[in-house]
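Participant: can't give you the sequence, but here's the structure:
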């Protein structure tokens, strides 16, 4: 079983969106018996909260329901448990690098590394903006999800 963890700051916008999109993709591809998906935040101030209502609404417009997800804080144990630990931006990447032991750090990547055609390295945080930011996050996450699945197939399946 390949385990994927998406990580952003509070786990209410970008990472649950990525979890929902990637879960939707692997369900369509009939790979849920081979790949599991989770998300977390580097900070725990939203722990147990649902994803932001704007993230839920934007995802639902694309046929993806993320309302059942609940925020949690990333843990040191996650460094051992997951095969892919995907940060939404450089700040969360740096936090993950400091959290995980050196032998586990090669699992940490920027999520958009799986979508080099986009010419962006970071998924921007839409929390303080309007609805357009959540649509942009979905566009970026969908593109990177396709690349991530291709990488998993190439490396593991």
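Facilitator: Good, I have the coordinates. Keep in mind that this is a model prediction, so the values were computed, not measured.
Participant: what about the helices in the protein?
Facilitator: 14-28, 53-61, 76-81, 90-99, 131-156 (DSSP state H).
Participant: and the contacts of the second one?
Facilitator: The list of residues contacting helix 53-61 from outside it, by CB atoms under 8 Å, 6 or more residues apart in numbering, reads 12-13, 16-17, 20-21, 50-51, 65-67, 126, 131, 134-135, 137-138. In short, each C-beta sits where N, CA and C put it, glycine included.
Participant: out of these, which end up buried?
Facilitator: When the contacts of helix 53-61 are checked for burial by 16 or more other CB atoms under 10 Å, the buried set is 12-13, 16-17, 20-21, 50-51, 66, 126, 134, 137-138.
Participant: who's in contact with residue 63?
Facilitator: Contacts of residue 63 by CB under 8 Å, 6+ apart are residue 24.
Participant: and it, how far from residue 49?
Facilitator: Counting by CB to CB, to the nearest Å, the separation of residue 63 from residue 49 is 23 Å.
Participant: got it, and residue 62?
Facilitator: Separation of residue 62 from residue 49 (CB to CB): 22 Å.
Participant: if we can go back for a sec, which of the buried ones among the contacts of helix 53-61 sits closest to residue 102?
Facilitator: Comparing these against residue 102 with CB to CB picks out residue 16 as the nearest, at 28.7 Å.
Participant: I'd say the closest one and residue 37 touch.
Facilitator: No - look at residue 16 against residue 37 with CB atoms under 8 Å: they stay out of range, at 10.4 Å.
Participant: joint contacts of the two?
Facilitator: Common neighbours of residue 16 and residue 37 (CB under 8 Å, 6+ apart) are residue 6.
Participant: now for residue 60, how many residues are close by?
Facilitator: 13 (other CB atoms under 10 Å).
Participant: before we move on, the earlier item: same list (the buried ones among the contacts of helix 53-61) but as TSV, adding pLDDT and distance to residue 4.
Facilitator: Output for the buried ones among the contacts of helix 53-61, formatted as TSV (pLDDT from 0 to 100; distance: CB to CB, whole Å):
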residue	pLDDT	distance to residue 4
12	97	19
13	96	18
16	98	13
17	98	14
20	98	12
21	98	12
50	97	21
51	97	17
66	98	15
126	95	21
134	97	21
137	97	17
138	97	18
